[in-house]
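A.B. asks: Fold the stuff below for me.
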Amino acid sequence: MGSSSENSMIYLGTIEHFNKNLNLIKLKDIAEGYKIQDGCRVIFVGFSRNFAEKLIIKNFEFLNNKIVIYLNEDSEFENNFFINKAVFVDEKFVENIKPDFYLVGDLLNCKVVDIETGDLIGIISDVSILPGNDVWFVTTESGEMPVPVINDVIKKVDLTEKCVYIKLLDGLFDLITPKKDEKK
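C.D. replies: Sure thing, here's the model as predicted:
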């Protein structure tokens, strides 16, 4: 699987259905407030925008709060490749029609602050779109900490200040993956 390190990708939604015969995928949990421009012919599919497979498409169709994406040629992929993965597109093909709405991609490089103490915890470095709840990965001084995107944890998102305020649950710091020693 290829990887993409594009910093300008926007999350569109999560794949709920793939029809191999019609060569189309349907998205659920679509990001509201954004419109895809007609010239977009490439999407990225994966659980994270940093590790997503590039796919060529024919076009998008918007139906009843769902997005249908027609793939360019017969897909070599099986159903289990697509289901519950996120779809991303380059931001140059996305028009924001609701300026007060934000997408998870807007959160990258936001500071993460403990809402109770005001202490800086780290910076959001990646986002995983998962079936149960999204996970934001925060780079801390000690390593990378996964933060579940649930109401008990995420308390405030201020995109003007590029800052997210969270409540630290017991054991959250125990989940930090230590930084690798680069001198080895």
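A.B. asks: switch to C-alpha atoms for all contacts and neighbour counts from now on
C.D. replies: Will do.
A.B. asks: following the longest strand anywhere in the chain, which helix or strand shows up next?
C.D. replies: Secondary structure of the chain per DSSP state E: the longest strand is strand 51-63. Following strand 51-63 in sequence order, the next helix or strand is strand 66-71 (DSSP states H and E).
A.B. asks: how far out from the middle of the chain is that following strand?
C.D. replies: Centroid separation for strand 66-71 versus its chain: 18 Å, with Cα atoms, centre = their mean, to the nearest Å.
A.B. asks: for stretch 143-150, same thing?
C.D. replies: Chain-centre distance of stretch 143-150: 13 Å, with Cα atoms, centre = their mean.
A.B. asks: Please enumerate the helices of this structure.
C.D. replies: Along the chain, counting by DSSP state H, helices occupy 79-82.
A.B. asks: re the thing from before, quick one: average confidence on the longest strand of the chain?
C.D. replies: The pLDDT scores in strand 51-63 average 86.
A.B. asks: May I see the buried residues of it?
C.D. replies: Using 16 or more other Cα atoms under 10 Å as the test for burial, strand 51-63 gives 51, 52, 53, 54, 57, 59, 60.
A.B. asks: Which strands border it, and is each parallel or antiparallel?
C.D. replies: strand 42-48 (antiparallel), strand 66-71 (antiparallel) (DSSP bridges).
A.B. asks: Figure out which of those strands is closest to residue 127.
C.D. replies: strand 42-48 (5.8 Å; Cα to Cα).
A.B. asks: so where's this structure shaky on pLDDT?
C.D. replies: Counting by pLDDT under 70, the ranges of the chain that qualify are 1-7, 31-33, 64-65, 74-75, 79, 96, 98-105, 181-184.
A.B. asks: Adding distance to residue 145, write the buried residues of strand 51-63 out as TSV.
C.D. replies: Converted to TSV, these look like this (distance: Cα to Cα, whole Å):
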residue	distance to residue 145
51	18
52	21
53	24
54	27
57	35
59	37
60	35
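A.B. asks: Among the residues you listed, which one lies nearest to residue 175?
C.D. replies: residue 51 (21.1 Å).
A.B. asks: so what's that closest one bridging to?
C.D. replies: According to DSSP bridges, beta-bridge pairing links residue 51 with residue 48.
A.B. asks: Would you check how far apart it and residue 141 are?
C.D. replies: According to Cα to Cα, to the nearest Å, residue 51 stands 23 Å off from residue 141.
A.B. asks: hang on, the earlier thing: of the strands paired with strand 51-63, which stretch is the most buried?
C.D. replies: Of all the strands paired with strand 51-63, strand 42-48 has the most neighbours on average by mean count of other Cα atoms under 10 Å, namely a mean of 22.
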